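Participant: how would this look folded up:
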Amino acid sequence: MDRSIFESYAGLEGRQLLEPILRDFAGRAAVVSSFGAESAVLLHMVSEADKAAPVIFLDTGKHFWETLSYRAKLIDRLGLTGVRIITPGAADLAAQDADGTLHGQNADQCCHIRKTLPLQKALDGFDVTISGRKRYHGAARATLDFLSIADGRLKVEPLAGFSALDITAYMKAHDLPAHPLTEIGYFSIGCEPCTKPGGSSADPRAGRWAGSAKSECGIHWTVNGKTVTPSSRARH
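Facilitator: Numbers count the residues shown, from 1 in each chain. Sure, this is the predicted structure:
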């Protein structure tokens, strides 16, 4: 993809960036959402721009039931009609995680078969991916660009410049429901076996893979289709 496309969206962020992207790449742009602690903000922006926009949710089979309930609540509340629920390949699970305990032995490989591989297949045919990552989450996310190119696709991060206060203010302004686990101390929410209560506005991902060097599942970090694991990068 030609990097000159960046000029068309220079200086834009938030909804002002999301709306023209969804318009200009209609049917070719996919939103990737975890329906986690802060997901309601980006999903609300998507609903205001195009309720039928493709939204990909990776159902790893290891999510909290609260996340699945919250997903249903947000879909109904926002009127999203393009949500696609993607699951891991049965053959991959049978071959590598038949008893469902791989996360405790090799978390990177568990993420690979339950998230990275399914997402790669789900994104086939899309030219643009959109996610809700933010710089304030630190570590490998601290230098996020609003626009970048990876694996031949345009990657869009409308909320890269949002702070924790921006997220809170947006949710209050639009009366968006909170993920139920945020009320009991979860600042960032992933799969149940690898997420613990904890974190803060300064380090919201502290409860993810706590006690290990791992800080990312890997779905956003690839080079020419090969997964890059930024687990060795220090968490800020």
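
Participant: Ranking helices and strands of this protein by mean pLDDT, which lands last?
Facilitator: Every helix and strand in the chain was compared by mean pLDDT, DSSP states H and E; the lowest is strand 222-223, with a mean of 44.

Participant: After the longest helix along the chain, which helix or strand is next?
Facilitator: Counting by DSSP state H, the longest helix found in the chain is helix 65-78. Next helix or strand after helix 65-78 toward the C-terminus (DSSP states H and E): strand 83-86.

Participant: Run through the neighbouring helices and strands of that next one.
Facilitator: Applying 3 or more C-beta pairs under 8 Å, 6 or more residues apart in numbering; DSSP states H and E, we find strand 83-86 packed against strand 55-58, helix 117-122. (Each C-beta comes from the backbone N, C-alpha and C, glycine too.)

Participant: what about the residue sitting nearest the centre point of the chain, distance to G14?
Facilitator: Centroid check for the chain by C-alpha atoms, centre = their mean gives S33 as the closest residue, at 4.4 Å. Distance, S33 to G14, using C-beta to C-beta, to the nearest Å: 16 Å.

Participant: Could I get the full set of strands for this protein?
Facilitator: Counting by DSSP state E, the chain has strands at residues 29-32, 55-58, 83-86, 128-130, 147-150, 153-156, 222-223, 226-227.

Participant: For the first one, what is the distance to the chain centroid?
Facilitator: When you say that, I think you mean strand 29-32. Relative to its chain's centre, strand 29-32 lies at 10 Å (C-alpha atoms, centre = their mean, to the nearest Å).

Participant: With the second one instead?
Facilitator: What separates the centre of strand 55-58 from the centre of its chain is 9 Å, taken as C-alpha atoms, centre = their mean.

Participant: Then the fourth one?
Facilitator: Centre-to-centre, strand 128-130 and its host chain are 11 Å apart (C-alpha atoms, centre = their mean).

Participant: How about the third one?
Facilitator: Taking the mean of its C-alpha atoms, strand 83-86 sits 13 Å from the chain's own mean (C-alpha atoms, centre = their mean).

Participant: Could you list the paired strands of it along with their orientation?
Facilitator: Here strand 83-86 has these sheet partners by DSSP bridges: strand 55-58 (parallel).

Participant: With the fourth one instead?
Facilitator: Based on DSSP bridges, the pairing partners of strand 128-130 within the sheet are strand 29-32 (parallel), strand 153-156 (parallel).

Participant: Quick check: mean pLDDT of the first one?
Facilitator: What strand 29-32 shows for mean pLDDT is 98.

Participant: How about residues contacting it?
Facilitator: By C-beta atoms under 8 Å, 6 or more residues apart in numbering, the residues outside strand 29-32 that reach it are 21-22, 42-43, 46, 53-56, 58, 119, 122-123, 126-131, 156, 219.

Participant: Same question for the last one.
Facilitator: Contact partners of strand 153-156, identified using C-beta under 8 Å, 6+ apart, comprise 1, 5, 17-18, 21, 25, 29, 123, 126-131, 146-149, 220.

Participant: buried subset of the residues you listed?
Facilitator: Using 16 or more other C-beta atoms under 10 Å as the burial test, the contacts of strand 153-156 include 17-18, 21, 25, 29, 123, 126, 128-131, 146-147, 220 as buried.
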